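Q: coords please:
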Amino acid sequence: MKDAVSSSGRTFWRNTGKSLLLILLCAVLGTGLLLLSEFLPAGPMDKNLERSADIFKVTGKFPNLHTWCSSRLDNYSDAIMLTMAGNVSAEHPAEYAMLSYHPVMGELDPVQIFVKHYIEGVPYEEYEAYSRYWHGYGVIYRLLLQIMDYHRIRQLNAVLQTALVLLLCGLMFRSGRRGKGMILPLLISYGMLAPAVMWMNLEYSLGFYISMLAVLTALMLNRKGRLREKEYLVLLFAGICTAYWDVLTYPMAALGLPLAVIFCLEPEERIGKAVTRIIRLCYFWGLGYGLMWVLKWVIGTVLTGQNVFAEGISSFLLRTGSEAYGEAATALGTIRSNLAYFLNTPVSYLMLAYLLAMGILLVLRIRGNRQTGKAAGGTLVPFLIIACIPFVWCAVTKNHAGVHFWLASKGFIVSSMALMSGLALAAEGKERKP
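A: Model (predicted):
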């Protein structure tokens, strides 16, 4: 027993050492990609941004796509992302890549600025730094804006996201009974997000691609029989990519979704080991996410000579604070508002029906059999822990999740996926060996 614990400890610290090296390499690579993207021609991007302006003029800051469910589009953030992507400088690549300038015009919001500049021809007054994030999405959007406008990017999003979900369903179907049991939970959870809304917002798409690609990686490793060995890398790179590509939308999806899939494919026999494993995997995700983010502040400060740490730390303190727009922000209030927004869709009834059906099956299976009930409870506990991740995130980031409830609420896809998958796995019992 002592030898096993000692071996496990050595493996953990060896993996930590590898992870630190990988994070550093990713930070260097990410910096290089941002610097190179500053040399892309601005002319084609400017033309495609001009063709995109009609969307913002017609729809405004926060239009609702549907009337029957939560479907707010965040054009405010998309306008910032697009104008920032179009603002390149081959003369000062390090400064522009690290400080991430976006245009400002007095008290106008980003959507109004976009319309003023590209439709009315009003020049930008000045630029403001937005340095606390990597803004790695700029690399992709600068490439796309060379050949397509916002309309076409939305259409591309629809195709890619649909194809990715179908691919995941196909891989789950080929992963045995446990994999097949995740297909309906995945489709229902995806439906909870209102797919058309996800297609039409660049900001929402970031967290979607990162979390779903992490799930895809876990499924492919499982097919090769290497998931248990490499699962920490799945979570590590999910954290790194979230810090690099995302801008604090719903990062818990990139943690909780691969965790739920991993525990479906490779469940744990004992609750204690399951809890330890969850903590360990969360550690690697947090290591990738937190350290990669801090390295942006370090590299930005070194390359520009400006204190990028100042904005990063002040933003961290603000977003985890207990005040929002001059009013008290409470953990319970934030959770309530986020959960209400997430559940405001008819697809919620499908989720509840599925949970009820699996609950009945579970009761029928364990009725009168104490040993079976104990085993089912042990199977379900890890998924209940994973389902709590978005609740913890809302409680910790009261300011951010409360103010941006239409963003942070999407993290509850983790709870829906974990609860449905875990209950289905517990209701069906152990997979019989051939």
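
Q: use CA for all of it now, contacts and neighbours both
A: Fine.

Q: where does this structure dip in pLDDT?
A: By pLDDT under 70, the low-scoring segments of the chain are 1-7, 324-326, 368, 429-434.

Q: Would you tell me which helix is longest in it?
A: helix 2-37 (DSSP state H).

Q: and that helix, what does it pack onto?
A: Packing partners of helix 2-37 (3 or more Cα pairs under 8 Å, 6 or more residues apart in numbering; DSSP states H and E): helix 93-99, helix 137-144, helix 227-245, helix 271-304.

Q: one more time with 7 Å
A: helix 93-99, helix 137-144, helix 271-304 (3 or more Cα pairs under 7 Å, 6 or more residues apart in numbering; DSSP states H and E).

Q: now the angle from the following helix or strand past the last one to helix 271-304?
A: As assigned by DSSP states H and E, the chain's next helix or strand after helix 271-304 is helix 308-319. Taking axes from the mean of the first three to the mean of the last three Cα atoms, to 10 degrees, helix 308-319 and helix 271-304 form an angle of 140 degrees between their directions.

Q: Touching helix 308-319 from outside, list them.
A: S131, R132, W297, G300, T301, T397, K398, N399, H400 (Cα atoms under 7 Å, 6 or more residues apart in numbering).

Q: just to revisit the earlier point, may I see the helices and strands packed on helix 2-37 organised as CSV, with mean neighbour count and distance to V347 added?
A: Below are those laid out as CSV (neighbours: other Cα atoms under 10 Å; distance: least, Cα to Cα, whole Å):
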stretch, mean neighbour count, distance to V347
helix 93-99, 23, 41
helix 137-144, 19, 30
helix 271-304, 18, 29
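
Q: re earlier: and the contacts of helix 308-319 as a markdown table, adding distance to C169?
A: Listed next are the contacts of helix 308-319 as a markdown table, based on distance: Cα to Cα, whole Å:
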| residue | distance to C169 |
| --- | --- |
| S131 | 38 |
| R132 | 36 |
| W297 | 39 |
| G300 | 40 |
| T301 | 44 |
| T397 | 33 |
| K398 | 34 |
| N399 | 36 |
| H400 | 33 |
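
Q: how about these, which pair is most distant?
A: T301 and K398 (28.5 Å; Cα to Cα).

Q: So which bits of stretch 370-385 are buried?
A: 372-373, 375-385 (16 or more other Cα atoms under 10 Å).

Q: For S52, which residues are in contact?
A: Taking Cα under 7 Å, 6+ apart, we find S52 in contact with D149, Y150, H151.

Q: List the buried residues of the longest helix of the chain.
A: Those buried within helix 2-37 under the rule 16+ other Cα under 10 Å are 15-16, 19-20, 22-23, 26-27, 30-31, 33-35, 37.

Q: just stretch 114-130 next, same as before
A: F114, V115, K116, H117, Y118, A129, Y130.

Q: What residue spans form the domains of the protein?
A: Split into domains by automatic domain parsing, the chain comes to 10-143, 149-428.

Q: Tell me which of these sits most buried.
A: domain 149-428 (a mean of 20; mean count of other Cα atoms under 10 Å).

Q: Any figure for the gap between the residue nearest to K230 when sequence neighbours are not counted and A395?
A: Using Cα to Cα, 6 or more residues apart in numbering and skipping the chain neighbours, the partner closest in space to K230 is L221 (7.6 Å). To A395, L221 is 33 Å away according to Cα to Cα, to the nearest Å.

Q: again with F342
A: 16 Å.

Q: Strands along this protein, start to end?
A: Secondary structure of the chain by DSSP state E: the strands cover 101-104, 126-129, 323-324, 327-328.

Q: No more questions from me, cheers.
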